[in-house]
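[1] Just need the structure, nothing else, for what follows:
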Amino acid sequence: MQELTDKNFQKEIKNNKYSIVVFTTEGCGSCLLAKKYVKEVAQQFEELKLFECRVDKAPQSIKKYSVQGAPTVKLFVKGESVYTGFGVRTPTDLYYQLESFIPKPNYYEELFGDN
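    Have a look, this model is predicted:
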């Protein structure tokens, strides 16, 4: 999970079609659990890039995206924030939230490709 700061935040989320950012604080047990769940779920989405942003290292980004506490999970599509989850989300809940924004190939495409 790549770390974001105010210096690289905008560049990184705009360089990826789908980016998920876990906003954390140092020593936060809930943040560790949120990161674990995000990593598990992200494996289901090939195009999803994972990031961690410690709130003390990105005060401008925290303000811009109205992050009120940690952990907070935000999904960005082409640099735009489209989903925010506050607190620890269960893997199932997180999966279904992401699935509504990130298209997955249908069964036919998985079997036969683009033919």
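[2] just the helices in the protein please.
    Here the chain has its helices, by DSSP state H, at 9-14, 29-42, 59-64, 91-99, 107-112.
[3] which secondary element of the chain has the worst mean pLDDT?
    helix 107-112 (a mean of 57; mean pLDDT, DSSP states H and E).
[4] on that earlier part again, which one of the helices of the chain lies nearest to residue 2?
    helix 9-14 (7.0 Å; C-beta to C-beta). Yep, even glycine has a C-beta here, placed from its N, CA and C like the rest.
[5] who does that closest one touch, helix- and strand-wise?
    strand 2-4, strand 18-24, strand 48-54 (3 or more C-beta pairs under 8 Å, 6 or more residues apart in numbering; DSSP states H and E).
[6] Of all these, which one is nearest residue 83?
    By C-beta to C-beta (comparing all of the helices and strands packed on helix 9-14), the closest turns out to be strand 18-24, at 8.7 Å.
[7] could you check the angle strand 48-54 makes with that closest one?
    20 degrees (axes from the mean of the first three to the mean of the last three C-alpha atoms, to 10 degrees).
[8] hmm, back to that, ranking the helices and strands packed on helix 9-14 by burial, who's on top?
    With neighbours taken as mean count of other C-beta atoms under 10 Å, the helices and strands packed on helix 9-14 reach their highest mean count in strand 18-24, at a mean of 25.
[9] any idea which residue sits dead centre in this protein?
    residue 20 (1.5 Å; C-alpha atoms, centre = their mean).
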